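Novice: What follows is a predicted protein model with its sequence.
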Amino acid sequence: MNTHAVIQIQGKQYITKKGDELIVENVNKEEGEEIILPIIMYFNEESAEIEIPKTETAGKGKVLENMKGDKIRVAKYKSKVRYRKVRGFRPHLTKIQVTKI
(Lines give C-alpha, C1' and ligand atoms only; values in the text may rest on other atoms or scores of the structure.)
Protein backbone atom coordinates (compact mmCIF):
# COMPACT_ATOMS: atom_id res chain seq x y z
CA MET A 1 0.00 0.00 0.00
CA ASN A 2 1.52 3.32 -1.11
CA THR A 3 0.97 5.97 1.53
CA HIS A 4 1.67 9.49 0.36
CA ALA A 5 1.75 12.67 2.42
CA VAL A 6 1.61 16.40 1.83
CA ILE A 7 4.38 18.09 3.81
CA GLN A 8 5.08 21.77 4.30
CA ILE A 9 8.60 23.24 4.27
CA GLN A 10 9.07 27.00 4.55
CA GLY A 11 5.58 27.83 3.32
CA LYS A 12 5.64 25.50 0.31
CA GLN A 13 3.83 22.17 0.11
CA TYR A 14 5.18 18.98 -1.47
CA ILE A 15 3.55 15.60 -2.20
CA THR A 16 5.93 12.88 -1.09
CA LYS A 17 6.30 9.32 0.19
CA LYS A 18 8.97 7.51 2.20
CA GLY A 19 12.32 7.39 0.40
CA ASP A 20 11.66 10.35 -1.93
CA GLU A 21 14.35 12.96 -2.52
CA LEU A 22 13.18 16.58 -2.69
CA ILE A 23 14.96 19.78 -3.68
CA VAL A 24 13.63 22.60 -1.49
CA GLU A 25 14.67 26.14 -0.59
CA ASN A 26 17.55 26.46 1.87
CA VAL A 27 16.70 25.06 5.34
CA ASN A 28 19.94 26.15 7.12
CA LYS A 29 20.99 22.64 8.20
CA GLU A 30 24.31 20.87 7.66
CA GLU A 31 24.64 17.75 5.50
CA GLY A 32 23.62 14.62 7.40
CA GLU A 33 21.41 16.43 9.93
CA GLU A 34 17.80 15.39 10.62
CA ILE A 35 14.93 17.72 9.72
CA ILE A 36 11.33 17.61 10.97
CA LEU A 37 8.71 17.63 8.19
CA PRO A 38 5.23 18.84 9.31
CA ILE A 39 2.60 16.61 7.66
CA ILE A 40 -0.61 18.30 6.53
CA MET A 41 -2.38 15.37 4.85
CA TYR A 42 -2.04 11.60 4.41
CA PHE A 43 -3.57 9.76 1.47
CA ASN A 44 -3.48 6.41 -0.35
CA GLU A 45 -5.63 4.58 -2.91
CA GLU A 46 -8.60 4.13 -0.53
CA SER A 47 -8.75 7.19 1.72
CA ALA A 48 -7.43 10.62 2.64
CA GLU A 49 -6.86 12.07 6.10
CA ILE A 50 -6.27 15.74 6.91
CA GLU A 51 -3.98 16.54 9.87
CA ILE A 52 -3.26 19.60 11.95
CA PRO A 53 0.56 19.85 11.89
CA LYS A 54 1.92 18.55 15.24
CA THR A 55 5.35 17.38 16.29
CA GLU A 56 3.99 13.94 17.31
CA THR A 57 2.75 13.19 13.79
CA ALA A 58 5.58 14.91 11.93
CA GLY A 59 7.72 13.07 9.43
CA LYS A 60 11.50 13.08 9.38
CA GLY A 61 14.02 13.74 6.68
CA LYS A 62 17.77 13.81 6.23
CA VAL A 63 19.72 16.62 4.56
CA LEU A 64 21.72 15.12 1.70
CA GLU A 65 23.28 18.18 0.11
CA ASN A 66 23.34 21.98 0.17
CA MET A 67 23.73 23.42 -3.32
CA LYS A 68 23.03 26.36 -5.58
CA GLY A 69 20.36 26.41 -8.26
CA ASP A 70 20.58 27.62 -11.84
CA LYS A 71 21.41 31.27 -12.38
CA ILE A 72 18.50 33.50 -13.33
CA ARG A 73 19.39 36.54 -15.42
CA VAL A 74 17.21 39.64 -15.38
CA ALA A 75 17.81 42.42 -17.91
CA LYS A 76 16.32 45.90 -18.08
CA TYR A 77 16.41 47.78 -21.36
CA LYS A 78 15.08 51.11 -22.57
CA SER A 79 15.18 51.86 -26.25
CA LYS A 80 16.80 54.98 -27.70
CA VAL A 81 18.56 56.05 -24.48
CA ARG A 82 21.36 53.44 -24.20
CA TYR A 83 20.06 52.16 -20.86
CA ARG A 84 20.89 48.53 -20.13
CA LYS A 85 21.14 46.87 -16.75
CA VAL A 86 21.72 43.16 -16.08
CA ARG A 87 21.35 41.46 -12.70
CA GLY A 88 21.68 37.83 -11.72
CA PHE A 89 20.27 35.63 -8.98
CA ARG A 90 21.24 32.13 -7.91
CA PRO A 91 19.06 30.49 -5.22
CA HIS A 92 20.48 28.38 -2.39
CA LEU A 93 18.79 24.97 -2.35
CA THR A 94 18.79 21.91 -0.08
CA LYS A 95 18.34 18.31 -1.20
CA ILE A 96 16.55 16.20 1.43
CA GLN A 97 15.48 12.56 1.64
CA VAL A 98 12.25 11.62 3.43
CA THR A 99 13.07 8.90 5.97
CA LYS A 100 9.79 8.62 7.92
CA ILE A 101 6.16 9.42 7.19
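Specialist: Great, that's in hand. Numbers count the residues shown, from 1 in each chain.
Novice: make it CA atoms for all contacts and neighbour counts henceforth
Specialist: OK.
Novice: if I look at the nearest residue in space to Gly61 that is not next to it in sequence, how far off is Ala75?
Specialist: Take Gly61 and drop its neighbours on the chain: the residue closest to it by C-alpha to C-alpha, 6 or more residues apart in numbering is Val98, 4.3 Å away. According to C-alpha to C-alpha, to the nearest Å, Val98 stands 38 Å off from Ala75.
Novice: How about Ile96?
Specialist: As judged by C-alpha to C-alpha, Ile96 and Ala75 stand 33 Å apart.
Novice: sorry, back to before: comparing Val98 and Ala75, which shows the higher neighbour count?
Specialist: The neighbour comparison of Val98 against Ala75 (other C-alpha atoms under 10 Å) goes to Val98, with 21 against 9.
Novice: Distance-wise, check that one relative to Arg90.
Specialist: Taken as C-alpha to C-alpha, the span from Val98 to Arg90 is 25 Å.
Novice: Same question for stretch 66-75: list its buried residues.
Specialist: For stretch 66-75, burial by neighbour count (16 or more other C-alpha atoms under 10 Å) applies to Asn66.
Novice: so what's the closest residue to Tyr42 other than its chain neighbours up against?
Specialist: Using C-alpha to C-alpha, 6+ apart and skipping residues adjacent in sequence, the residue nearest Tyr42 is Ala5, 4.4 Å away. The neighbours of Ala5, taking C-alpha atoms under 8 Å, 6 or more residues apart in numbering as the test, are Ile15, Thr16, Lys17, Ile39, Ile40, Met41, Tyr42, Phe43, Ile101.
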